[in-house]
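>>> Need the 3D shape of this:
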Amino acid sequence: MKTLIVSLKIFLFFTVLTGIVYPLLVTGIAHVAFPAKANGSLILRDNKIIGSELIGQQFDSTIYFTSRPSAVSYNPLPSGGSNYGLTNIKLKNLVSERRHQFIAFNQLDSLTEIPSEMLFASASGLDPHISPKAALLQLERVVKTRHFDESKKQQLLNSINELSEPPQLSLLGEHRINVLLLNLKLDEIK
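Here you go, the predicted model:
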């Protein structure tokens, strides 16, 4: 019986320590050291949350740059990929359909090489980034639908270059652009 009581006391101590004290301590440190990141890297406009830098969003309008496809319709709750293998006919059909849609939506030549992130959904289904090449392939459509002149087109090109992020630690991943930030910058071009 004495062993049971000691075990319960140890269980209760570690439950409080690891279930309450430690999470509160780490959350407090994060809020002091990285307040924006600790709150989900939320983006505010006119005191209204319009998105997060960390979660992709769907942009279907011709006046915006489009995000990469999502297997979960950009819903963070069931986050995940399609889990289709490379030999699965469903994946082959999806890629073919996405390629056709991207080419048609952006009025590109049928022989244009489309970046893979515009054809395959990310593993989480929530990736907010595309490559600079994918952004440049969409540039003419955005310029045309927004009726931009050469000066505004150049501003947009500069924005793409400014928002292009290098690989993490100079070796992990590829150059990328956050689509939400790019579209917000696009809205600022008058």
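>>> Just list what the helix-or-strand element of the chain with minimal mean pLDDT packs against, helices and strands only.
In the chain, the helix or strand scored least confidently by mean pLDDT, DSSP states H and E is helix 35-38, which has a mean of 82. Helix 35-38 sits against helix 22-33, with contacts defined as 3 or more Cβ pairs under 8 Å, 6 or more residues apart in numbering; DSSP states H and E. Glycine gets a C-beta too; all of them are placed from N, C-alpha and C.
>>> what packs against the helix it packs on?
By 3+ Cβ pairs under 8 Å, 6+ apart, helix 22-33 packs against helix 35-38.
>>> most centrally placed residue in the chain?
Pro128 (1.1 Å; Cα atoms, centre = their mean).
>>> Hmm, that one is touching Ile55, no?
Yes: Pro128 is within contact range of Ile55, at 6.1 Å (criterion: Cβ atoms under 8 Å).
>>> before we move on, back to that, tell me the helix or strand right after the least confident helix or strand of the chain.
Tracing the chain past helix 35-38, the next element assigned as helix or strand by DSSP states H and E is strand 42-45.
>>> Quick one: residues in contact with that next one.
For strand 42-45, contacts defined as Cβ atoms under 8 Å, 6 or more residues apart in numbering pick out Ala36, Ile49, Ile50, Gly51, Ser52, Glu53, Leu180, Leu181, Leu184.
>>> try 10 Å
Residues outside strand 42-45 that contact it (Cβ atoms under 10 Å, 6 or more residues apart in numbering) are 36, 49-55, 178, 180-181, 184, 187.
>>> Would you list the buried entries among these?
The neighbour count (16 or more other Cβ atoms under 10 Å) marks Gly51, Ser52, Ile55, Asn178, Leu180, Leu181, Leu184 as buried among the contacts of strand 42-45.
>>> Restricted to strands, list those residues.
Gly51, Ser52, Asn178 (DSSP state E).
>>> Packing partners of the helix ranked longest in the chain?
Using DSSP state H to define each element, the chain has its longest helix at helix 89-105. Applying 3 or more Cβ pairs under 10 Å, 6 or more residues apart in numbering; DSSP states H and E, one finds that helix 89-105 contacts helix 132-145.
>>> Name the residues of the helix it packs on that are buried.
Within helix 132-145, the residues that count as buried by 16+ other Cβ under 10 Å are Pro132, Lys133, Ala134, Ala135, Leu137, Gln138, Leu139, Arg141, Val142, Val143.
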